[in-house]
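> Got a predicted structure here, sequence first:
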Amino acid sequence: MGTPCHFALFDLKPGYRLDLDQLATRYRELARTVHPDRFADASEREQRLALERAAQLNDAYQTLKSAPRRALYLLALKGRELPLEVTVQDPKFLLQQMQWREELEELHDSADLDGVAVFKRRLKAAQAELDVEFGECWDDVERREDAERLVRRMQFLDKLTQEVRQLEERLDD
């Protein structure tokens with residue numbers, strides 16, 4: 001069948017809501033069992049397999065611990081994969097994106113660390129809202145389009161959050 005499902009690797013039922021601490025603990029336990037050091041005296045084939053398992057485990061963990069990546073993965077399991085770049089038929093959100101970008105630019109120009117902290121809290125709240133919405137509709141065939149729209153929003157917010165972190169680091173220096 002090829003590669004096992006990411007959820008199966010961690011003995012989890014496919015679902016959007018995960019206990020991330022539990023996932024991290026399980027990852028560390030499993031990572032120890034396939035760690036290449038444990039196979040130092042093994043045959044070349046066993047060493048290669050251990051490396052492949054370790055890589056597979058790491059990929060699964062990185063996917064499941066990230067909300068947008070987990071959401072995309074679930075939708076791919078449910079049917080077709082989402083095209084990466086799609087013209088978003090989401091005018092309301094496009095407007096919101098532009099406002100956030102402008103705001104981030106102003107925060108950058110004014111080097112306003114307090115403003116950045118407030119902006120970051122607002123992003124976190126928006127992400128939490130998307131989290132709830134996606135959790136309610138990802139496995140409903142009738143709401144597939146909603147789920148896809150929400151994933152694209154999640155991806156944007158994730159990217160924006162990374163940019164905010166970079167700005168914070170620059171302003172902290």
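Sure, I can see it.
> Need the contact partners of stretch 104-116.
119, 160, 163-164, 167-168, 171-172 (C-beta atoms under 8 Å, 6 or more residues apart in numbering). Quick note: C-beta positions are derived from backbone N, CA and C, even for glycine.
> and if we set it to 6 Å?
By C-beta atoms under 6 Å, 6 or more residues apart in numbering, the surrounding residues in contact with stretch 104-116 are 167-168, 171.
> what's the answer for stretch 37-57, then?
Stretch 37-57 is touched from outside by 30, 34, 36, with contacts defined as C-beta under 6 Å, 6+ apart.
> Can you mark which positions in it are buried?
Within stretch 37-57, the residues that qualify as buried are 39, 50, 53-54, 57, counting by 16 or more other C-beta atoms under 10 Å.
> could I get these as JSON lines with secondary structure and pLDDT?
Formatted as JSON lines, the buried residues of stretch 37-57 follow (DSSP: H, G, I helix; E, B strand; the rest coil; pLDDT from 0 to 100):
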{"residue": "Phe39", "secondary structure": "helix", "pLDDT": "84"}
{"residue": "Ala50", "secondary structure": "helix", "pLDDT": "88"}
{"residue": "Arg53", "secondary structure": "helix", "pLDDT": "90"}
{"residue": "Ala54", "secondary structure": "helix", "pLDDT": "91"}
{"residue": "Leu57", "secondary structure": "helix", "pLDDT": "94"}
